[in-house]
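Chemist: Fold the following, please.
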Amino acid sequence: MSTKSQNNAATQQNVTLQQDAGSSDMNKIEKNEGQWLQHADHWYADGSLVLRVNKSLYKVHEGVLTRLAPNFFGGILSIPDGKEPGDPTREGTELFPLLLEGVDIQRFEDFLAWNYHSVPKTVLDDPFQKRRFFMNLLAISDMWQIDTGRDTAITELEKMALSPVERLELAVKYSVPHWVDEAVKDIFAAKVTSLKDEDIARLDCKVYSVLVKGAFMIETEIRRTAQVEPATERDPDWRCMDHAKCCATWKRVWWEVIGRKLLHPDIPISTDDIHWEVKKIHHKDISPQCMKDMVTEIESIVFVDKRIIAGVIEAILEFMGVGR
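Modeler: The predicted structure follows:
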């Protein structure tokens, strides 16, 4: 047999194997013989599509779901199965329910409750259940590309007291970029090193790594800021009688008043507090004119920790595939 004939034979064999595999998959569709339970709230008599999640059955409206999630339901329901509409042996009927694999049942039921405007009042009145409900709606809507569901969930969750870690987790997982900025700043304000194990477990490894690297860089820069006083670029005021003495005193006072507070082991000040602390300084060996110049200089400085945090935010947004 020639090489060309061998290749043709191998190709035909592969096609046959693929067809056999497809037939085998079709045979795996399970028949409803009473082993699954109809859901009490989401079994609509006029429904046209029967779905199965785990061991529960849901009779819903195909047209509603395909309009709401055309990329998902429109896609799976458009796959030809060789059967006529109305055939009771089609997948998606009471006899052969359409299985939604990999779908969390609570998320799915919360989605249906939102879609059919049947969210129990007890859920909306309980802060914990309400938060869970809209987190589930966000997850399903993101997975199935349901814009109205995403927008609703995001709007409702923004009204809730989510922790910075929760906000960052949801922002990264479900691509909500405008949550990242505030969440990251709040995490750094509370100290990255103070995150609990359960908080760390919520975050993507890459995101946590970026936060830790940023925290290490800030710690290094804070030490440097504490020990090296900012130098004023202004020319000495003519009323200052001994500018060299003012500078030497400023160097010493910076460490004694600002540096020590920045490095305090229990209640360190932040760089945001520095200009307030500097305004309190009144030293006999620093002329009022030089002191005024130094306060002005401090107020104009964007300390490096702010630039580092901005870099962390940028890195996380880049990881998410979005930019500012």
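
Chemist: my read: residue 46 touches residue 61, true?
Modeler: Yes: using C-beta atoms under 8 Å, residue 46 is in contact with residue 61, at 7.5 Å. Where you see a C-beta, it was placed from the backbone N, CA and C, and this is true even at glycine.

Chemist: quick one, helices of the stretch 1-150 of the chain?
Modeler: 3-27, 62-68, 73-77, 105-115, 121-125, 127-144, 147-158 (DSSP state H, counting those that start in this stretch).

Chemist: Please point out which parts of the last one sit buried.
Modeler: Going back to what we said before, that points to helix 147-158. Using 16 or more other C-beta atoms under 10 Å as the test for burial, helix 147-158 gives 149-150, 152-154, 156-157.

Chemist: got those residues as a markdown table, with distance to residue 313 and pLDDT columns?
Modeler: Shown next, in a markdown table, are those (distance: C-beta to C-beta, whole Å; pLDDT from 0 to 100):
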| residue | distance to residue 313 | pLDDT |
| --- | --- | --- |
| 149 | 27 | 96 |
| 150 | 22 | 96 |
| 152 | 26 | 97 |
| 153 | 23 | 97 |
| 154 | 19 | 97 |
| 156 | 24 | 97 |
| 157 | 20 | 97 |
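
Chemist: tally of neighbours for the nearest residue to residue 62 once chain neighbours are set aside?
Modeler: Using C-beta to C-beta, 6 or more residues apart in numbering and skipping the chain neighbours, the partner closest in space to residue 62 is residue 49 (4.0 Å). By the measure other C-beta atoms under 10 Å, the count of residues near residue 49 is 21.

Chemist: between residue 46 and residue 61, which one's more packed in?
Modeler: Using other C-beta under 10 Å, the more surrounded residue of residue 46 and residue 61 is residue 61, with 16 against 6.

Chemist: wait, the more buried one sits on residue 45?
Modeler: No: between residue 61 and residue 45 there is no contact under C-beta under 8 Å: 11.0 Å.

Chemist: The longest strand along the chain vs helix 105-115, what angle?
Modeler: For the chain, the strand with the greatest residue count under DSSP state E is strand 37-43. Orientation check (axes from the mean of the first three to the mean of the last three C-alpha atoms, to 10 degrees): strand 37-43 against helix 105-115 gives 30 degrees.
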